[in-house]
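Trainee: structure of the sequence below:
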Amino acid sequence: GTHSTWILRRGVSGSTFGGGTADQLPARGALGLAAKAAVDEGHADAITGFRTESIERHGEQLVLVAEDGRRLDPVDEVIVLTGFRPDLTFLDELRLGLDERLQAPTELAPMIDPNQHSCGTVYPHGVKELSHPEQGIYLVGMKSYGRAPTFLALTGYEQVRSVVAAIAGDHASAERVELVLPETGVCGGAGLFDQPDTDETSEGGCCAPAPQ
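Mentor: Okay, the predicted model is just below:
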């Protein structure tokens with residue numbers, strides 16, 4: 001009997017549910033198709049162009065109110081899937097070199113800046129870009145991206161391989177960063193992808209197929 005409401009800041013476009021069968025990451029494509037099927041079959045609603053301004057109580061339930069005054073039906077639970085950032089409090093005593101805006105390693109931050117890059121345009125990187133003033137300390141995977149939303153698991157696998165090679169003393173392998181990112185599928189818009197005046201008929205992410 002559970003019914004879900006999926007809230008998006010941008011409108012539904014050809015890239016909303018991912019690259020589908022054209023995605024070179026099959027599991028990601030399948031996830032998008034499953035989400036689309038849930039909406040099409042009425043198990044979930046997709047509310048678009050919704051920027052939450054406040055959350056109000058309605059008895060034991062919650063009501064989300066948008067900047068434009070729209071109010072959603074009361075819900076039992078809100079699951080927030082935005083605003084990810086790493087928890088670095090347990091590293092407070094270490095000398096970390098972090099970009100003040102992205103909270104990513106200073107060498108990596110310009111390469112993943114969401115105002116300039118989507119996941120498919122991030123240059124392959126490894127131990128050099130992930131190093132900190134504290135010797136032997138590396139942030140890898142999604143945590144290395146700080147506030148940037150463009151992380152791909154493939155990128156993390158290569159980060160870990162490079163860092164482990166360096167720790168093992170194989171510096172030649174650590175510096176030889178080889179990564180081929182998929183050419184299709186939606187990476188998530190960089191820059192102003194969720195602004196109200198975005199052209200919703202555009203392809204969307206770095207590598208989305210054209211809407212049909």
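Trainee: residue closest to the middle of the chain?
Mentor: Here the mean C-alpha position of the chain is nearest to the C-alpha of residue 149 (C-alpha atoms, centre = their mean), at a distance of 3.2 Å.
Trainee: that residue and residue 1, how far apart?
Mentor: Separation of residue 149 from residue 1 (C-beta to C-beta, to the nearest Å): 33 Å. All C-beta atoms are positioned from the backbone trio N, CA, C, and that covers glycine.
Trainee: and the residue sitting furthest away from the middle of the chain, what pLDDT?
Mentor: The C-alpha centroid of the chain is most remote from residue 59, which lies 33.8 Å away (C-alpha atoms, centre = their mean). Looking at residue 59, its pLDDT stands at 95.
Trainee: same check on residue 77?
Mentor: 95.
Trainee: give me the element the residue nearest to it when sequence neighbours are not counted is part of.
Mentor: Once flanking residues are discounted, residue 77 sits nearest to residue 62: 7.8 Å by C-beta to C-beta, 6 or more residues apart in numbering. Following DSSP states H and E, the helix or strand that holds residue 62 is strand 61-66.
Trainee: give the rounded mean pLDDT of whichever helix or strand comes after that strand.
Mentor: The helix or strand immediately downstream of strand 61-66 is helix 109-112, counting by DSSP H and E. Here helix 109-112 scores 91 as its mean pLDDT.
Trainee: how much space between residue 146 and residue 172?
Mentor: Taken as C-beta to C-beta, the span from residue 146 to residue 172 is 29 Å.
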